[in-house]
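Asks: Below is the sequence, then the predicted model.
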Amino acid sequence: MTEPRILVAEDDLELRDLLLSGLRQAGFDAAGVGNGADLLARTASWTPHALIVDVGLPDADGRDVCQALRAAGNPVPVLFLTARDTRADRLAGFGAGGDDYVTKPFDFAEVIARIQALLRRADPPTPPVGDGGLRLDPASHAAHLHERSVTLTPTEFRLLAALAARPGEAVRRRTLISAAWPEGAIVHDNTLDVYIARLRRKLTTLGAEQAITNVYGVGFTLR
Amino acid sequence: MTRRTGWSSVRGLRGRLLATVTLAVAAAIALALLAFNLVLDARLDNDARDLARSRASTALAGVQLLDGRLRVRETLDDAIPFDRPIWIFAADRALERPRAPAAVQRAAAALAAGTTQAVDVPGRSVRLLVLPITHAGRRVGTVVAGVSLTPYEHTQRTVLIASLALGALLLAITVLAARWLLAAGLRPVAQMTADAAAWSEHDLDRRFAAGPPHDELTQLAATLDELLDRLAESLRREQRFSEELSHELRTPLARLRARSQLALADDTLTPETRTVLEAVIRDTDTVTRTLEALLTAARTHGERDASADARAVARTVLDDCAALAAERGVALQLDADGVPARVRVGAELAERTLHPLVENACRHAAREVRVALRRDPDAVLIEVTDDGPGVPTGEEERIFDPGARSPDVNAGSAGLGLALARRLAHAAGGEVTARPGPGGRFVVRLPAG
């Protein structure tokens, strides 16, 4: 049986090497990257069983990277490694599709135990399914479709990612708000509607086949 | 505390203003009364003189000069009423003499002989007025008319008493009105002072927002708003600084800890190296805890609606310290039975406040550390006692200075623990104090919720 593959995204080279050593000692096959773009590329090519992602990556917010992964249909377990420990930060990590989080400085035994727990619950990694070719770039907050692309604001990016993560499903307004706005932000229903309207225009510009439809009394669907 | 200062200074100002108004009004009333009574006296004096003069003139009509000698007409007795004393002297011999006390008689005789025009007889309330009788440029006799001053004096006294009463009434009304006006005028100031003090503690987003200043009150509101702005800004800066500091330190701390942990995985280590590495990990954890505590203090300033159960807090802290206590052979005890112990502080902040004290007690105790909860009217007291040497007398404050440490500690302590506990307690609107021995005694006071 092959060892589980763990991909570590951490920009501090020394800490990344230490993490890799620790993971290898614990019997994992570990590899490391230093930024969000490499993380997406490596995840696609190496199909790891779980990710350890530093929230503060140099080119993108680790949470946006996670949302991009989810939007691309990748359910790989994500453990956030964070130097921030406020409640708002922790909740934002979960809202972005993270599965667990550990604050720095961490205890190795704890990190490994959490990774093992995530692996037990997760399905074996599968190559991402096609979703109409929509790709989200967490570094530039852009959406790409074939050769065309549009720039999104961070909030639009997070909204679209949350919708794209569950194509064809009705995503609740609450879920969308907690994915796109920080914890405690006061978001009115019509604020969300305004953002959805903007996203619809941008999807049209992109020439996407999918459109955001209203599911009355529930939320929105991307199909 | 700030609130009280605000109130008392406003009340002090009110008192001073009221005293000034009272004194000014009292002086004005006193002057007016004095002037009024003086004018009245002068007027009454004139009246008495006129009356005496007219009586003397009437009496003069009853005097005849025959052959250079004065004679009193028989009709005089009819012309002069019985109770009006009239003397008629020829030179110094009395032709007519009413019944009167001896002192008055003497005074009348003295007037007839002298040149004085009028005299008040001392002690008799009688005024005597002289009207000389002249013939061919020579004074041949004298009429002396007496007027009783009693009714005038009576009037004077009545008017004086009445005017004093009126003045007092006027003063009382003025003082009451001024007090009411001052209170009404200064009430907004007192209210604003109290609001600003409360907001600065719990609600730094609130402002008076009274618009552009156009009078003293809106000016005050604008100034207070500005101060609150500055306070909020400096708090934000402190929070940002703590966040950045913590963020910057967490990655190196993570490296330090991870490196030590990885090194410990090597089975060939000597026990000495192993001890050193374990100590490094412990210290890393202490630094991390301190950092987190400072962050908590910075973040929770002005936090509202936080609440925790002090019993649960104490239990959590005792659990956290159980390992240290076991290592040192110290028993941990919690007395919290039946004490309602909700505190108006977040659980995290309360735990981080209590933790350094219990840890400190564990380091100093001989055998036992006791944590007891007590209830004050407006606070929950958490008392941490140990059976160690206790805080030396006179050191109860110094030990809270950052970096201060007890000379007899034989184990590592950051020296920041007690200072940190106090800082956190202050952030929670509470206090930490050391009490004299025997044994170590520390009391955390947290606002009851």
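Replies: Received the coordinates, thanks.

Asks: gap between residue B:126 and residue B:119?
Replies: To residue B:119, residue B:126 is 9 Å away according to Cβ to Cβ, to the nearest Å. All C-beta atoms are positioned from the backbone trio N, CA, C, and that covers glycine.

Asks: Same check on residue B:268?
Replies: As it turns out, when the distance is counted by Cβ to Cβ, residue B:268 lies 133 Å from residue B:119.

Asks: Look at these two and report which has more neighbours.
Replies: Here residue B:268 and residue B:119 are compared on neighbour count by other Cβ atoms under 10 Å in any protein chain shown; more neighbours surround residue B:119, at 17 against 5.

Asks: Paired strands for the helix or strand harbouring residue A:221, with orientation please.
Replies: Counting by DSSP states H and E, the secondary-structure element that holds residue A:221 is strand A:219-222. Here the strand partners of strand A:219-222, with direction, are listed using DSSP bridges: strand A:171-172 (antiparallel), strand A:212-215 (antiparallel).

Asks: other SSEs contacting the next helix or strand after the shortest one?
Replies: Put plainly, it is strand A:171-172. Proceeding C-terminally, strand A:171-172 gives way to helix A:173-180 as the next helix or strand, assigned by DSSP H and E. Packing contacts for helix A:173-180, counted by 3 or more Cβ pairs under 8 Å, 6 or more residues apart in numbering or on different chains; DSSP states H and E, involve helix A:87-95, helix A:154-164, helix A:189-206, strand A:219-222.

Asks: between helix A:173-180 and helix A:154-164, how many degrees?
Replies: Here the directions of helix A:173-180 and helix A:154-164 differ by 130 degrees (axes from the mean of the first three to the mean of the last three Cα atoms, to 10 degrees).

Asks: pLDDT averaged over the strand holding residue A:221 - what is it?
Replies: pLDDT averaged over strand A:219-222 equals 87, rounded to a whole number.

Asks: Now it: buried residues?
Replies: Taking 16 or more other Cβ atoms under 10 Å in any protein chain shown as the neighbour-count basis, strand A:219-222 is seen to contain the buried residues A:219-222.

Asks: Residue B:179: which of the residues you listed is nearest?
Replies: Nearest to residue B:179, judged by Cβ to Cβ, of the buried residues of strand A:219-222 is residue A:219 at 63.8 Å.

Asks: Would you confirm that that closest one contacts residue A:175?
Replies: Yes: with contact defined as Cβ atoms under 8 Å, residue A:219 reaches residue A:175; the gap is 7.0 Å.

Asks: tell me the most buried of the strands paired with strand A:219-222?
Replies: For the strands paired with strand A:219-222, ranked by mean neighbour count under the definition mean count of other Cβ atoms under 10 Å in any protein chain shown, the leader is strand A:171-172 at a mean of 18.

Asks: The closest residue to residue A:208 other than its chain neighbours: how many residues sit nearby?
Replies: Distances taken as Cβ to Cβ, 6 or more residues apart in numbering or on different chains place residue A:145 nearest to residue A:208, at 5.6 Å, with adjacent residues excluded. Look at residue A:145: counted by other Cβ under 10 Å, it has 18 neighbours.

Asks: same deal with residue A:88?
Replies: For residue A:88, the tally of surrounding residues (other Cβ under 10 Å) stands at 12.

Asks: list the contacts for it?
Replies: Contact analysis of residue A:88 by Cβ atoms under 8 Å, 6 or more residues apart in numbering or on different chains lists A:182-184.

Asks: could you pull out the helices for chain A?
Replies: Using DSSP state H, the helices of chain A run over A:13-25, A:36-46, A:62-71, A:87-95, A:108-121, A:154-164, A:173-180, A:189-206.

Asks: Residue B:313 against residue B:348, yeah?
Replies: No: between residue B:313 and residue B:348 there is no contact under Cβ under 8 Å: 9.3 Å.

Asks: more crowded one of the two?
Replies: For residue B:313 against residue B:348, the residue with the higher neighbour count under other Cβ under 10 Å is residue B:313, and the figures read 28 against 19.

Asks: Alongside chain B, which residues does chain A contribute?
Replies: Residues of chain A lying close to chain B by Cβ under 8 Å from any Cβ of the partner chain are A:12, A:14-15, A:18-19, A:21-22, A:25, A:56, A:83-86, A:103-108.

Asks: ok, now with 6 Å
Replies: For chain A, the contact set with chain B under Cβ under 6 Å from any Cβ of the partner chain comprises A:12, A:14-15, A:18, A:21-22, A:25, A:83, A:104-105, A:108.

Asks: Out of these, which one has the lowest pLDDT?
Replies: In terms of pLDDT, the lowest of the residues of chain A next to chain B is residue A:83, showing 82.

Asks: I figured it was touching residue B:250, is that so?
Replies: Yes: contact criterion Cβ atoms under 6 Å: residue A:83 and residue B:250 qualify, at 4.0 Å.

Asks: got any residues that touch both of these two?
Replies: The overlap between the contact sets of residue A:83 and residue B:250 (Cβ atoms under 6 Å, 6 or more residues apart in numbering or on different chains) consists of residue A:104.

Asks: And the lowest mean pLDDT element among the helices and strands of the chain?
Replies: Looking at chain A here, since you left the chain open. helix A:87-95 (a mean of 77; mean pLDDT, DSSP states H and E).

Asks: could you do chain B instead?
Replies: For chain B, the helix or strand with the lowest mean confidence is helix B:76-79, at a mean of 58 (criterion: mean pLDDT, DSSP H and E).

Asks: Can you list the strands that the very next helix or strand once past it pairs with?
Replies: Beyond helix B:76-79 on the C-terminal side, the first helix or strand identified by DSSP H and E is strand B:86-90. Within its sheet, and counting by DSSP bridges, strand B:86-90 is paired with strand B:93-96 (antiparallel), strand B:138-148 (antiparallel).

Asks: Roughly how far does the residue positioned nearest the centre of chain A sit from residue A:55?
Replies: With the centre of chain A defined as its mean C-alpha position, the nearest residue by Cα atoms, centre = their mean is residue A:66, 1.4 Å away. Look at residue A:66 and residue A:55: by Cβ to Cβ, they are 9 Å apart.

Asks: same deal with residue B:133?
Replies: Distance from residue B:133 to residue A:55, counting by Cβ to Cβ: 128 Å.

Asks: Looking at the two, which is more packed in?
Replies: It is residue A:55, of residue B:133 and residue A:55, that has more neighbours when counted by other Cβ under 10 Å, with 24 against 17.

Asks: Next, work out how far apart the more buried one and residue A:11 are.
Replies: Following Cβ to Cβ, the distance that separates residue A:55 from residue A:11 is 11 Å.

Asks: Might you enumerate the residues of the stretch 251-400 of chain B proximal to chain A?
Replies: Counting by Cβ under 6 Å from any Cβ, the positions of the stretch 251-400 of chain B adjacent to chain A are B:251, B:253-255, B:257-259, B:261-262, B:265, B:288.

Asks: Sounds good, over and out.
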